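Undergrad: Need a 3D model of the sequence below.
(2 chains)
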Number of protein chains: 2
Amino acid sequence: MSDDLAERIASGERRALARAVTLVESTRPDHQAQAAELLEKLRGLNRQALRIGLSGTPGVGKSTFIESFGMALVRTGLRVAVLAVDPSSARSGGSILGDKTRMDMLSREPNAFIRPTPSSAALGGVARRTREAIALCEAANFDVVLIETVGVGQSETMVAQMCDLFVLLLAPAGGDELQGVKRGIMEMADLILINKADGDLKATATRTVSDYSGALRLLRKRPQDPKGFPKALAVSAVAGNGLEQAWSEMQSLAAWRRDNGHWDRARADQAAHWFEHEVREGLLARLREDEAVKGAMADLARAVAEGEATPTAAAREILEKLR
Amino acid sequence: MSDDLAERIASGERRALARAVTLVESTRPDHQAQAAELLEKLRGLNRQALRIGLSGTPGVGKSTFIESFGMALVRTGLRVAVLAVDPSSARSGGSILGDKTRMDMLSREPNAFIRPTPSSAALGGVARRTREAIALCEAANFDVVLIETVGVGQSETMVAQMCDLFVLLLAPAGGDELQGVKRGIMEMADLILINKADGDLKATATRTVSDYSGALRLLRKRPQDPKGFPKALAVSAVAGNGLEQAWSEMQSLAAWRRDNGHWDRARADQAAHWFEHEVREGLLARLREDEAVKGAMADLARAVAEGEATPTAAAREILEKLR
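TA: A predicted model of the protein is given here:
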C-alpha cells in the first residue's frame, strides 16, 4: 500500500499527496508508523521546493495575496502548494482555510495544492505535521511551498524554522506607527511586503515601505543576507502590482543563499532542531498518554495539592519510576 | 547535619536559612538530595508567609520601593524576606541584587533576609530554586516573602504562580500612554502601584492611577477578587507615602481570599502546577545530562542534519531507547 502511495506521490499525483497528508495528521499510532515509513521512502528522492513562510496580522489580505501570488507562480509553469499553520484555530477546532471559500481560483488550478490547517492539534503536533506535509509536497515535485501562519508569536518562530524564506505581509500604516509588529518577528523577516498599494492607499504604502526600509537597516546584519536584504516592497494583491518583483527578489535571495552555503546549512540546522523538538515532545507526550504514568502523576499531583509532599519530592519520585 | 539545620531554620536563624538556600541552589546531586530531605522535614511545620510577587520595568524604583516598604513592615514587627528572580541576569551571570549595594537599611535589619538571584541558572532551574527558597523562608518563620522580578514576560508568569498576591510597580506616565505594559501582565496584577507620587510628579501619578483604575475595570472579573480589586494606588517609595495603605490593601485582599477558600485553592493549584513543571524539566534535563542519551542524540542529530534520516524517524528511535 505504502509503496504504491509513495510512487503516486513521487509522480506528483495530488490525491495521493492529500491522502498522505491525512496520514501524517492522524493521531492513530498505526497511521503514524505508516507515515514515518512513507517519509523514509520518499526521503531518497531528495527533492527540494522553495519553502516560503508567510505571516501577517489578520485583515492584511493574506488569502488574497496567496491567491494572486500563487496564480502568478502557476502561470509561469510552477507547481505551488499552500499549507496553513494556525495553532489558535487548531485549538478551537476551526480552520483558517477550511471554513471559508478562499483562494477560489488557485484551488481550481491543477498545479496547485491547498491544504488547511489540521484541526484539534496541539502546537507541538502542528509543528510535526506541517513539517512532514512540507516534505510530502517536496516529494510530490512542488516547486514552491507557501506556509501561512497568523500573527501569534510562537507560530511565526515555528514556521520560520521550517522555511527557506520568511515573508511578512503588512498593511500601509499612517505616520510612524509600527503596526504592533514585534521586533522579534521583524528580525525573522527576509522580505516585508506592504500590501494594498493601490488606489487611495498607494501613497501611504510607499511611505510605509520607506519607514520599514529604514527600520530594517537598523537591525543587526545577519550572515545569511546578501547586500540589500532584508528588504521592504510595496505590493497590491488585488491589483496584482509588485508580485513579479517580489518573486524575483525571493528567487535572487534563494539563489544567493544556495551559492554561499547558507541554504544547506540552514536546512541541516533546521532538521537537527526538529529532531530535538520531536524528542522533547515525544517525552512529554508519554506523560500525558501512558496510562500507568498518567495514574501515578494524578496520585502524586493530588498529594502535592494537599500538602502531603513537596512538588520537588513528588517529581523525584515519578522521575525515578520513569528511569 | 540536616536535622540540626532544620531545627535552626525552624527557630528562624538567618545564617541557617542562608545556608539552606545555598543548598537548594546547588547543582550537585548530593546537595539536591539533601535539600529535598530538608524541605521534606520542614514541610511538617506548615508555616505560611504572605508571598508577594513584585514586578516592574527597570527604572521604576523597585529596589527603593522594597527598601521603604520592607522597612515599614519590619517596623510593625513583621519579619520580611526578599528574593529576586531574574533569569536574564542569571543567564549573563550577573545578579540584580548582588552587584549593587541596594536595600542598605533593610539588609541591616535583624528581621529581614535578602537573597540575590542565583547566577548561571536556566529559567526552569530558577523556578525551582525560588520556589524552594520561598518554602525555606516560610519555615524560618518569615511573615512576608517579597519575590522581585524584572519585566521580561515569562518570569512574571512564573513568579505569579508562586505567590499569593501579585503587585505591579509602575512609573507615572504622561497622557494616555500605557508604558508598554502588556495586557497579560496587567491581568495578573492584584495591585498596581504608581511610584514616584511626590514632588513634580505627584499630579501625573494621580492621573496615572485613575487611568489604570479605568483600565482595570475593563478587565474580565476574576473569581479570586473581592469588590474593588484589582486596584491602582499612588505611592512614593522615596517619601514613604502610600506604603501603609498599600500594605493594608494587601492584607485585606489576602484576608478575603483566605476566608473565601481562594487562598488554599490557589496554593494547591500552584503546588500541582509546580509538580508537573518539575517532572517536565526533569525529563528534559535527562536528555541534556545523561551521557549515553547525549551521545545517541548527537549521533542522530548529525544523521538528520546530513539528510540520512528524517527528524521524526530519528526521534522515534531515541524515544524507543528511552522507554
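
Undergrad: Quick check: A:S63 touching A:M103?
TA: Yes: using CB atoms under 8 Å, A:S63 and A:M103 qualify as a contacting pair, with a distance of 6.0 Å. No exception for glycine: its C-beta is placed from N, CA and C like everyone else's.

Undergrad: what separates A:A296 from A:L319, distance-wise?
TA: Distance, A:A296 to A:L319, by CB to CB, to the nearest Å: 11 Å.

Undergrad: Over to A:R115?
TA: In this structure, A:R115 lies at 39 Å from A:L319, with CB to CB as the measure.

Undergrad: So if I had to pick from these two, which one is more boxed in?
TA: With other CB atoms under 10 Å in any protein chain shown as the criterion, A:R115 and A:L319 differ in neighbour count, and A:R115 comes out ahead with 20 against 16.

Undergrad: what about the residue nearest to the more buried one when sequence neighbours are not counted, neighbour count?
TA: Leaving out its chain neighbours, the residue that sits closest to A:R115 by CB to CB, 6 or more residues apart in numbering or on different chains is A:L83, at 5.2 Å. Applying other CB under 10 Å, we find 27 residues neighbouring A:L83.

Undergrad: Can you list the strands that the helix or strand harbouring A:L83 pairs with?
TA: Here A:L83 sits within strand A:80-85, counting by DSSP states H and E. With DSSP bridges as the criterion, the sheet partners recorded for strand A:80-85 are strand A:112-115 (parallel), strand A:144-150 (parallel).

Undergrad: can you list those strands in a markdown table and add mean pLDDT and distance to A:E308?
TA: Formatted as a markdown table, these follow (pLDDT from 0 to 100; distance: least, CB to CB, whole Å):
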| stretch | mean pLDDT | distance to A:E308 |
| --- | --- | --- |
| strand A:112-115 | 94 | 49 |
| strand A:144-150 | 90 | 44 |
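
Undergrad: and among these, the most buried is which?
TA: Looking across the strands paired with strand A:80-85 with neighbours counted as mean count of other CB atoms under 10 Å in any protein chain shown, the highest average goes to strand A:144-150: a mean of 25.

Undergrad: Could you report the pLDDT at A:V167?
TA: With respect to pLDDT, A:V167 scores 96.

Undergrad: and if you look at A:S119?
TA: According to the model, A:S119 carries a pLDDT of 47.

Undergrad: Alpha carbons of the helix or strand that A:S68 is a member of, as CSV, please.
TA: Using DSSP H and E, A:S68 sits in helix A:62-75. The C-alpha trace of helix A:62-75 is given here as CSV (Å, rounded to 0.1, in the frame of the first residue of the first chain):
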residue,chain,number,x,y,z
LYS,A,62,-3.1,37.2,3.4
SER,A,63,-5.5,35.0,1.5
THR,A,64,-5.9,37.5,-1.4
PHE,A,65,-2.2,37.7,-1.5
ILE,A,66,-1.7,33.9,-1.6
GLU,A,67,-4.4,33.7,-4.3
SER,A,68,-2.7,36.4,-6.5
PHE,A,69,0.8,35.4,-5.8
GLY,A,70,0.1,31.7,-6.2
MET,A,71,-1.7,32.3,-9.5
ALA,A,72,1.2,34.4,-10.8
LEU,A,73,3.6,31.5,-10.0
VAL,A,74,1.3,28.9,-11.5
ARG,A,75,1.1,31.0,-14.7
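
Undergrad: Can you check what angle separates that helix from strand A:80-85?
TA: 160 degrees (axes from the mean of the first three to the mean of the last three CA atoms, to 10 degrees).

Undergrad: Quick one: low-confidence residue ranges for the stretch 151-300 of chain A.
TA: Using pLDDT under 70 as the threshold, the predicted model of the stretch 151-300 of chain A has low-confidence ranges A:151-153, A:174-181.

Undergrad: Do a quick rundown of the strands in it.
TA: Assigned by DSSP state E, counting those that start in this stretch, the stretch 151-300 of chain A shows strands spanning A:165-170, A:191-194, A:231-234.
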